[in-house]
Structures are given as C-alpha cells and as structure tokens.
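Peer 1: Below is the structure, and that's it, no one-letter string:
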C-alpha cells in the first residue's frame with residue numbers, strides 16, 4: 001500500500017474507530033485490522049493500536065470523574081490488579097513470537113466480536129436501580145472482583161478489544177447496579193490497563209509513531225463527531241454493522 005495513500009486510509013480508519021467507540025464501543029475491530037492491512041506486523045500493530053485508542057479512553061475517564069465519588073475504595077482496590085495485569089499482558093505479548101501471535105489474532109478478533117455481539121446481555125446485568133441506590137460489595141465479591149479483574153487486565157494488556165464488556169459483567173456480579181458508576185469504573189480501569197501497557201510498548205520501541213499519531217488524531221475527531229451524532233444514529237443497525245465487519249475481518253485473518 002502506498003505510504004501517503006495508506007496513511008490517509010489509516011486516518012479515516014481512526015475517524016471511524018473513534019466514532020464507533022464514542023457511540024457503541026468496538027472501535028478496535030476497525031483500527032487494529034487497518035494496521036494489519038497496512039502491513040504492520042501483528043504484534044507491533046497491536047501495540048500501536050493501544051497508542052491509538054488510549055487518548056480517547058483517558059479523556060473519557062476524566063469526563064467520568066464525578067461518578068466515582070462513591071466508588072473510590074473499590075476503584076483503588078481494582079487499580080492494583082489492573083496495573084499488574086496490564087503490564088503482565090503486555091509482557092506476554094512481547095514474549096509471543098510473531099508467527100504464533102499471527103495465528104492467535106483471528107481467534108482474538110472473533111472473541112472480541114462475539115463479546116460485542118452479546119454486549120446487550122452485559123448491559124442488562126448492569127441495569128441501574130437509580131442514583132439513590134447504595135451498593136455494598138462484601139469481601140467475597142471483592143475477592144472475586146480482584147481475581148477476575150487481574151484476568152481481564154491481562155487480556156487487556158495482551159489484546160484488549162472487548163475487555164470493557166467483561167468488566168461490566170464482573171462489576172455486576174460483584175453487586176454494583178448503577179450503570180453510570182459502573183461505566184465510570186470500567187473506563188478508568190480500562191485507561192489504566194491501556195496506559196501501563198502503552199508505557200511498556202513505548203519502552204520496547206513497538207509503537208509506529210507516524211501511524212499511531214495519524215490514527216489518534218482521526219480517532220479524536222471521530223470521537224467528537226460521533227458523540228455529537230450519537231442520538232441520530234440507529235444503534236441496532238450500527239451494532240449489526242460492527243459485528244458484520246468483525247466477522248469479515250476474523251475470516252480474512254484466518255485465510256491470511
């Protein structure tokens with residue numbers, strides 16, 4: 001793919017991914033395959049994609065800060081496995097031979113697509129009971145949440161697409177029910193996982209900076225535009241489109 005033309009295509013992929021993330025989530029199902037199609041090796045593409053999505057995740061985390069007032073103790077507890085797991089997943093990724101990861105990637109994309117396709121189920125688990133609902137997380141649920149968050153964070157540092165849906169399921173099983181506070185926790189923890197993985201990838205020199213910056217700018221533009229147009233978009237049609245794209249990309253990667 002011609003370099004200039006390819007960068008333009010990647011910029012547009014970043015715009016689409018940013019818009020999808022702001023409306024429904026699942027933007028990595030567009031941005032990561034775009035990097036692979038551009039010719040970036042799969043391990044480097046995955047690391048670079050982390051750099052593409054992290055700025056948007058961080059800005060969302062900042063926007064949710066007021067919803068975390070009641071959940072600070074739980075947030076501090078879950079930050080520990082998020083940091084450990086994010087770093088562990090990144091280390092495992094770097095230690096995985098390129099050929100092996102290339103064989104695993106189609107399964108990971110398919111897994112992320114299926115997670116996205118069933119995300120309505122996760123959202124039903126996290127149905128809000130109102131802002132005046134006082135939620136208590138007992139020690140058993142907290143222990144479960146710590147262990148499960150470690151696994152989710154490891155997956156997030158290794159690949160990451162769809163980890164938000166897994167966190168919603170975990171938080172609901174811990175006893176939380178207010179969707180705003182759950183989304184706030186999920187977003188901050190996701191920014192933490194991506195952030196620690198990104199630092200490791202930068203240190204290892206795995207980020208293709210011209211590509212990452214180009215796509216990140218596109219993602220920021222797309223995220224802003226997507227947020228403004230969210231109420232005008234048919235959510236069901238958009239979700240069906242994302243699942244269709246994910247299945248096609250997974251099939252292409254299997255064949256490739």
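Peer 2: Perfect, I can see it now. Fair warning: this is a prediction, and the values are worked out from it, not measured in the lab. Numbers count the residues shown, from 1 in each chain.

Peer 1: Output the lowest mean pLDDT helix or strand found in the protein.
Peer 2: Least confident element among the helices and strands of the chain, by mean pLDDT, DSSP states H and E: helix 119-125 (a mean of 63).

Peer 1: residue contacts, the residue nearest to residue 149 when sequence neighbours are not counted?
Peer 2: Once flanking residues are discounted, residue 149 sits nearest to residue 81: 4.3 Å by Cβ to Cβ, 6 or more residues apart in numbering. C-beta: built from backbone N, CA, C; applies to glycine. With contact taken as Cβ atoms under 8 Å, 6 or more residues apart in numbering, residue 81 is in contact with 146, 147, 149, 150, 153.

Peer 1: Name the member of those residues with the most neighbours.
Peer 2: residue 153 (33 neighbours; other Cβ atoms under 10 Å).

Peer 1: Nearest residue to it in space, please, no chain neighbours.
Peer 2: Residue 153's closest residue in space is residue 85 (Cβ to Cβ, 6+ apart), at 2.5 Å.

Peer 1: on that earlier part again, ok, the contacts of residue 81 vs residue 242, which is closest?
Peer 2: Ranked by distance to residue 242 (Cβ to Cβ), the contacts of residue 81 are led by residue 153 at 23.7 Å.

Peer 1: With residue 189 as the reference, measure out to the residue nearest to residue 149.
Peer 2: 9 Å (Cβ to Cβ, to the nearest Å).

Peer 1: list residues touching both of these two?
Peer 2: When contacts are counted by Cβ under 8 Å, 6+ apart, residue 81 and residue 189 have 149, 153 as shared neighbours.

Peer 1: tally of neighbours for residue 195?
Peer 2: So residue 195, with other Cβ under 10 Å, has 18 neighbours.

Peer 1: May I have the phi/psi pair for the residue nearest the centre of the chain?
Peer 2: Closest to where the C-alpha atoms of the chain average out (Cα atoms, centre = their mean) is residue 161, at 4.6 Å. The phi/psi pair for residue 161 (degrees, to the nearest 10) reads phi -60, psi 120.

Peer 1: on that earlier part again, name the element the residue nearest to residue 153 belongs to?
Peer 2: helix 72-95 (DSSP states H and E).

Peer 1: which residues are contacting whichever helix or strand comes after that helix?
Peer 2: Using DSSP H and E, the helix or strand that follows helix 72-95 towards the C-terminus is helix 98-117. Applying Cβ under 8 Å, 6+ apart, the external contacts of helix 98-117 come out as 25-26, 28-29, 32-33, 36, 41-43, 46, 93, 96, 159, 161-162, 165-166, 239, 242-243, 246-247, 249-251, 253-254.
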